[in-house]
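**Q** give me the fold of what follows.
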Amino acid sequence: MESEAREFDIIVWGATGFTGALVAEYLLSRYGVNGEIRWAIAARSRSRLDALRESLGEAASGLEALVADSFDEDALNAIAARTRVVLTTVGPYARFGSPLVAACVENGTHYCDLAGEAQWIRRMIDRHHDRAKETGARIVHCCGFDSVPMDIGAWFLQQSAMQRHGAYCESIVMLVKAMRGGASGGTMASMMNVVRESREDRAVARVLVHPYSLNPEGERQGPDGRDQQGMAKDPIADCWTAPFIMAGINTKVVRRSHALLGFPWGRDFRYREATMTGRGAGGWFRALTLSGGLGLFVLLATFAPTRSLLERFVLPKPGSGPNAEQRKNGFFDLRQFAQLADGTLFTTRITGDRDPGYGSTSKMLGECAVCLALDDLDSGGGVTTPAAAMAAPLLKRLEANAGLKFEVLD
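**A** Numbering: from 1, shown residues only. Here you go, the predicted structure:
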């Protein structure tokens, strides 16, 4: 698919939403309009698109705005046919995303999103992977904080281990050391939708708990068990840990990447995630408190009456998020502890310079779209992952433009 054959390189779908507007702001500040990339904004409301363009200032005066509805298949096909990449922030994806994926697959158009909904991603794999391979469309889910730092981070660690030690690590433990940022209303809405689906359909629940449920068919087995459910002492990091709420999608994405890459790290490769709470009595108490709080949240979200109360009075609403100062002052610091077959330990760090859910996520998603549109990728089409589709070029863009840093600590 040559860039000259398409009117645009990227169309930002859902640009009038909170995160979509941040992506548009980022692309404008980094790339301008009709410069290195040719891009447009799209949503269902002409008036809101016009308001967004006006809010972006004079520099956005030449930015084209397209109108369509999430369920208008003809309109979505027309949009997909005009661009090399569709970038979408419209979730929950299980409710609004399926027709757009289908349009991109049929038109050979690359696609990236912020989905963290494992049950929906599995449906997209089952419905579209083979056809996307035929059309050449790269359908890349999970292009925000879940799961770009973890997926690209695992790839970076293994490449670094091979360069330094001549072998890949047989296991990786990713621990969240610290992060600051406002809760994502869109992420919470998607999470609540996942809970509803799992309560209504036990097949969905099985996808959510199975560690290899996003692997290719016939490759859905391996040494990893379920994600961490309570507090635990990590023997490699030598600290107490609590569950990480995003591990449920991140771990599955990393394992799918490994499978799509052909299992270069071995069939016995293991990967897990948790939150680092510290050592000693203080670390133990923080692990206990965090585990208990997360367990209570899951319990309340499980039942419809208490879930409704959470959505009405506690959780942030979709389309809302932290202000500019909070996004700027946010950050994340992730540590990966890995082990080679001979027992050698290998540690890396991944950091981001904005809040994970919005400031950093909008830059990561934007760079994923630019990478898909402009870079010479050697991966084929299919329902794929950030690492399997564009690992090395994306890592370079993340460090150069998106405020991420990947480094070896020993």
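
**Q** which residues of the stretch 51-200 of the chain fall in strands?
**A** Here the stretch 51-200 of the chain has its strands, by DSSP state E, counting those that start in this stretch, at 64-67, 83-88, 110-112, 138-140, 171-180.

**Q** in its sheet, which strands sit next to the longest one, and in what direction?
**A** To tie it back to what came earlier, the one meant is strand 171-180. Strand 171-180 has its sheet partners listed here by DSSP bridges as strand 270-278 (parallel), strand 331-339 (antiparallel).

**Q** the fourth one now?
**A** In the sheet, strand 138-140 lines up against strand 110-112 (parallel), strand 382-384 (parallel) (DSSP bridges).

**Q** now mean pLDDT, mean neighbour count and distance to Ile37 too, for those strands, in TSV please.
**A** Where you see a C-beta, it was placed from the backbone N, CA and C, and this is true even at glycine. Below are the strands paired with strand 138-140 laid out as TSV (pLDDT from 0 to 100; neighbours: other CB atoms under 10 Å; distance: least, CB to CB, whole Å):
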stretch	mean pLDDT	mean neighbour count	distance to Ile37
strand 110-112	98	30	13
strand 382-384	98	27	21
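
**Q** what's the weakest-modelled helix or strand in this protein?
**A** Ranked by mean pLDDT, DSSP states H and E, the weakest helix or strand in the chain is helix 185-200, scoring a mean of 84.

**Q** now for that helix, which elements pack on it?
**A** helix 18-31, helix 93-96, helix 118-135, helix 202-209, helix 280-302, helix 304-309 (3 or more CB pairs under 8 Å, 6 or more residues apart in numbering; DSSP states H and E).

**Q** buried stuff in the fifth one?
**A** Going back to what we said before, that points to helix 280-302. Within helix 280-302, the residues scored as buried using 16 or more other CB atoms under 10 Å are Gly283, Trp284, Arg286, Ala287, Leu290, Ser291, Leu294, Ala301.

**Q** which residues of the stretch 301-410 of the chain fall in helices?
**A** For the stretch 301-410 of the chain, applying DSSP state H, counting those that start in this stretch gives helices covering 304-309, 324-329, 361-374, 386-401.

**Q** list the contacts of the spatially most central residue of the chain.
**A** When CA atoms, centre = their mean is applied to the chain, the residue found nearest the centroid is Cys142 (2.6 Å). Applying CB atoms under 8 Å, 6 or more residues apart in numbering, one finds that Cys142 lies in contact with Asp113, Leu114, Ala115, Gly116, Ile121, Val148, Asp151, Ile249, Asn250, Val253, Thr385, Pro386.

**Q** contacting residues for the first one?
**A** Taking CB under 8 Å, 6+ apart, we find Asp113 in contact with Leu87, Thr88, Thr89, Gly91, Tyr93, Gly97, Val140, His141, Cys142, Cys143, Leu365.

**Q** near the last one, how many other residues are there?
**A** Leu365: 28 surrounding residues under other CB atoms under 10 Å.

**Q** ok, it to Glu36 distance?
**A** In this view, Leu365 and Glu36 are 17 Å apart by CB to CB, to the nearest Å.

**Q** on that earlier part again, so which of the strands paired with strand 171-180 is the most surrounded?
**A** Comparing the strands paired with strand 171-180 by mean neighbour count (mean count of other CB atoms under 10 Å), strand 270-278 ranks first with a mean of 23.

**Q** got the angle for that strand vs helix 280-302?
**A** 120 degrees (axes from the mean of the first three to the mean of the last three CA atoms, to 10 degrees).

**Q** now stretch 53-69: mean pLDDT?
**A** For stretch 53-69, the mean pLDDT works out to 96.

**Q** what about it, how long is it end to end?
**A** By CA to CA, to the nearest Å, the extent of stretch 53-69 from end to end equals 19 Å.

**Q** before we move on, back to that, what is the nearest of the contacts of Cys142 to Ser308?
**A** Gly116 (21.7 Å; CB to CB).
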